[in-house]
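S.K.: Got a sequence here, can you model it:
(chains A and B)
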Amino acid sequence: MSDGGSGLKHRSELQVRWGDQDAYQHVNNVAYAAYLQEARAEMLDAAGVRAKASARQGTFVVARLKVEYLRQLTFRPAPIAVTTWVSAMSPARITLRCEIAEPVDDGLGPYCRGLTVLVPYDLENDYPRRVSEAEKAALTHFLVPDPQ
Amino acid sequence: MDAYRHVNNTIYFRYCEQARTQMLGFEGSAEAEVRSRTPDPEAEPTDGHVLISADMEYKRPLVYRNNRAVEVQSWVTRIGNSSFDLAHRIVAPGDLGPEARHFAACFSTMVAVDKAAQRSRKLRAAEVTMLEGYLDPALPVPMPGGRRGPQ
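M.R.: Residues are numbered from 1 along each chain as shown, chains lettered A, B, ... in the order given. This is a model prediction of the structure:
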């Protein structure tokens, strides 16, 4: 593709847990943030950006998380589908977009849309770092730039 | 706290939710106790508020410290017909001024709903009055991502 994007989005299937519901019998807003985090970790792993849990260098931190809640999600035994992709990359920040939807499109649109900004950060030195060439190459695998 | 020894990003959503429920006087909160003494005759048991958008900007990592609490400062930034915007800042206890060195700031939108009909509804006059009490023009409205950032 001319813009360097792969056009490929990462897809995770996640299970809604009973305890994710709140008093409204909806999946609580905080659980969505956890689903997006889970899917993000899977996407980074699938792309080959592997930071061990114990890593203090080569890590990313979340600088921003925006969640738009579009449809009520209720507890169900069937999994939900979380799609995650890289929408923009610069040396100091990676922007991800994500959607939670039915695994099989029901025509009603996604349950939520999310935007995550990751900042490459060395925990060891407590300082922002740059995206490495290897990370850039790996993340390009799921790069789908926003339409201009 | 997560493996990076930071309070995990999702937990900030919980902190803001907790602050919001107290402020809006959800069932069981201290604010609801106060309001139960002057009940709103127009209120229906099916009235509720749902979160439709939350945008959190993480400024500084929150690390676990013994006996150290955080405070969540919450205020109203817009009141519409059936929706309103809230701002939150997560700060060290007492660090509440416009220049506070916050750990995170959140901009969120809520909609008044009829829980039974599963529809939005107009804000009641008493709700508008309650929300007006939380307007604070002195505080900077959080704008995660900046004016030109991705939305």
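S.K.: which residue ranges form the strands in chain B?
M.R.: Along chain B, counting by DSSP state E, strands occupy B:47-58, B:71-79, B:83-91, B:104-114, B:119-120.
S.K.: Turn those strands into CSV, including distance to residue A:86 and mean pLDDT.
M.R.: To be clear about C-beta, it is placed using only N, CA and C from the backbone, and glycine gets the same treatment. As requested, these are arranged in CSV below (distance: least, Cβ to Cβ, whole Å; pLDDT from 0 to 100):
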stretch, distance to residue A:86, mean pLDDT
strand B:47-58, 19, 95
strand B:71-79, 31, 96
strand B:83-91, 28, 97
strand B:104-114, 23, 96
strand B:119-120, 34, 94
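S.K.: now those strands as TSV including distance to chain A and mean neighbour count?
M.R.: Shown next, in TSV, are the strands of chain B (distance: least, Cβ to the nearest Cβ, whole Å; neighbours: other Cβ atoms under 10 Å in any protein chain shown):
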stretch	distance to chain A	mean neighbour count
strand B:47-58	4	21
strand B:71-79	14	18
strand B:83-91	13	22
strand B:104-114	9	22
strand B:119-120	12	12
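S.K.: Residue A:126 is nearest to which of these?
M.R.: strand B:47-58 (14.5 Å; Cβ to Cβ).
S.K.: contacting residues around that closest one?
M.R.: If you take Cβ atoms under 8 Å, 6 or more residues apart in numbering or on different chains as the criterion, strand B:47-58 is touched by A:24, A:26, A:29, A:61-70, B:9, B:12-13, B:16-17, B:20, B:24, B:83, B:103-115, B:121, B:124, B:142, B:144-145.
S.K.: TSV please, covering the strands of chain B and showing distance to residue B:135.
M.R.: Output for the strands of chain B, formatted as TSV (distance: least, Cβ to Cβ, whole Å):
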stretch	distance to residue B:135
strand B:47-58	17
strand B:71-79	5
strand B:83-91	10
strand B:104-114	15
strand B:119-120	22
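S.K.: Report the helix or strand with the lowest average pLDDT across chain B.
M.R.: helix B:30-36 (a mean of 66; mean pLDDT, DSSP states H and E).
S.K.: ugh, typo on my part, it should be chain A
M.R.: Per mean pLDDT, DSSP H and E, strand A:127-128 ranks last in chain A, at a mean of 88.
S.K.: Average pLDDT for the helix or strand that comes right after that strand, rounded please.
M.R.: Following strand A:127-128 in sequence order, the next helix or strand is helix A:133-140 (DSSP states H and E). Averaging pLDDT along helix A:133-140 yields 94.
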